[in-house]
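**Q** got a sequence here, can you build the structure:
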Amino acid sequence: MSIEAHTAAAAIESDLRAAGSAERAAGEKRYLKVRRSSADFGRFAAYADGMLDEREFFIRKAIGWVLREVGKRDPETVYEWLMPRINRTSGVTVREAVKHLTPAQREALMTAYQTRRGRPAGRPRQSDASGSS
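**A** Numbering: from 1, shown residues only. This is a model prediction of the structure:
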């Protein structure tokens, strides 16, 4: 990694620790652009694991964006990281994360997510099943 990229990554990490939630979300996306190697997924994963319970929409979305981008080149890493955390992961994160996974991985994660929400996979929500407009 170049000195400039290393300096930028250090600055972003500092911003992530100090900023409010919307700024943290933007920081996570910038972080992915600066640090693209698989070795750095561990660092992202540590940050993301600590923020999976975050209620802020943009944090959830940013985690999903990063997982989606990593999934383009390493879907197995995303699948293996996300499956044990599926009970703590928001829907927006899961929907973003599975976009570039294999069909089998996508199905397994979506089924696990829907099952933990109390709905068997493929069963419509109560509001959908009632037929009301």
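**Q** can you give me the buried ones in stretch 65-85?
**A** For stretch 65-85, the neighbour count (16 or more other Cβ atoms under 10 Å) marks 65-71, 75, 77-79, 81-82 as buried. For every residue, glycine as well, the C-beta is placed using N, CA and C.
**Q** now the two most distant members of those residues.
**A** Spatial extent of the buried residues of stretch 65-85 (Cβ to Cβ) is set by the pair 65 and 79 at 16.7 Å.
**Q** quick one: low-confidence ranges for the chain?
**A** Scanning the chain for pLDDT under 70 picks out the ranges 1-39, 117-133.
**Q** wait, what's in contact with residue 53?
**A** residue 88 (Cβ atoms under 8 Å, 6 or more residues apart in numbering).
**Q** what segments of this protein are helices?
**A** 3-18, 21-34, 41-51, 57-73, 75-82, 91-97, 103-116, 126-129 (DSSP state H).
**Q** run the angle between the fifth one and helix 41-51 for me.
**A** Same thing as helix 75-82. Counting by axes from the mean of the first three to the mean of the last three Cα atoms, to 10 degrees, helix 75-82 lies at 30 degrees to helix 41-51.
**Q** which strands or helices does helix 75-82 pack on?
**A** With contacts defined as 3 or more Cβ pairs under 8 Å, 6 or more residues apart in numbering; DSSP states H and E, the packing partners of helix 75-82 are helix 41-51, helix 57-73, helix 91-97, helix 103-116.
**Q** recalculate using a threshold of 7 Å.
**A** Packing contacts for helix 75-82, counted by 3 or more Cβ pairs under 7 Å, 6 or more residues apart in numbering; DSSP states H and E, involve helix 57-73, helix 103-116.
**Q** and the angle from that helix to helix 103-116?
**A** 10 degrees.
**Q** relative orientation of helix 75-82 and helix 57-73 in degrees?
**A** Going by the same axes, to 10 degrees, helix 75-82 makes 140 degrees with helix 57-73.
**Q** neighbouring contacts of helix 75-82?
**A** Helix 75-82 is touched from outside by 38, 41, 45, 67, 70-71, 89, 97, 100-102, 105, 109, with contacts defined as Cβ atoms under 7 Å, 6 or more residues apart in numbering.
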